[in-house]
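Enquirer: Need coordinates for the below:
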Amino acid sequence: MVDPAFVQTMARYNAWQNRSLMAAADGLTDEARKLDRGAFFKSIHGTFNHILWGDETWLSRLIGSEKPAVGGRDSAVYFEGWAQFCARRRQRDEFILDWADKVTADWLRGTLIWYSGAAGREMGKPRGFVLAHFFNHQTHHRGQIHAMLTAAGAKPDDTDLLLVDELR
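Expert: Now for the predicted structure:
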């Protein structure tokens, strides 16, 4: 079951992994980060952008924060510049950490209703389930980034969730 401790752990994992992968990507040129590597969002940069776009989209649904200025089809080009992206990613990770500390069990048991552009209809799911998706989405795409970075010769850190509090 998704409880506040799970949300807080996953928020720490998210921030830890983003720091690790961004540090590994810092060692690449902008051209290498934006090179089409055959992934769904094409490049390392594009996949990073999509994760951030997804986080901001879900946060807008969950807590009413501002949603991204671009739609899902443009999520891979959300931020053009690497420094601009990294600054926003770090800011969002701090926001998610602070927000996760305030999540309550009662709130998690509630239902989120939103319009899904992907499904083309209104949807409703328990908030706890939505947050499991929120964190799973990040982890899935970070796995793609990890593979692309490794193939590019970068050396990202370990990704094991069990190490989140050991290595951060």
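
Enquirer: hey, let's count contacts and neighbours off CA atoms from now on
Expert: Fine.

Enquirer: Phi first, then psi, for P156.
Expert: P156 has phi and psi values of phi -70, psi 160 when expressed as degrees, to the nearest 10.

Enquirer: For it, report the pLDDT, please.
Expert: At P156, the model reports a pLDDT of 93.

Enquirer: Skipping its backbone neighbours, what lies nearest it in space?
Expert: The shortest distance from P156 to any non-neighbouring residue, by Cα to Cα, 6 or more residues apart in numbering, is to A24 (5.1 Å).

Enquirer: May I ask you to confirm that the one you found is in contact with A154?
Expert: Yes - using Cα atoms under 8 Å, A24 is in contact with A154, at 5.7 Å.

Enquirer: Phi and psi next, for Q8.
Expert: In this entry, Q8 is assigned phi and psi values of phi -70, psi -40 (degrees, to the nearest 10).

Enquirer: Just grab the bridge partners of the residue nearest to L62 when sequence neighbours are not counted for me.
Expert: Of all residues not flanking L62 in the chain, L112 sits nearest, at 7.1 Å (Cα to Cα, 6+ apart). Counting by DSSP bridges, L112 forms beta bridges with K125.

Enquirer: For L112, give its distance to A147.
Expert: 33 Å (Cα to Cα, to the nearest Å).

Enquirer: With F85 instead?
Expert: Separation of F85 from A147 (Cα to Cα): 20 Å.

Enquirer: pLDDT value on the most far-flung residue of the chain relative to its centre, please?
Expert: When distances to the mean C-alpha position of the chain are computed (Cα atoms, centre = their mean), the maximum falls on D106, with 24.4 Å. Turning to D106, the model gives it a pLDDT of 97.

Enquirer: That one: which element?
Expert: helix 105-109 (DSSP states H and E).

Enquirer: cool, and Y115?
Expert: Secondary structure here is read from DSSP H and E; on that basis Y115 sits in strand 111-116.

Enquirer: Run through the residues that contact R61.
Expert: Listed by Cα atoms under 8 Å, 6 or more residues apart in numbering, the contact partners of R61 are 112, 114.

Enquirer: who has more neighbours, F85 and A147?
Expert: A direct count of neighbours by other Cα atoms under 10 Å for F85 and A147 places F85 higher, at 18 against 15.
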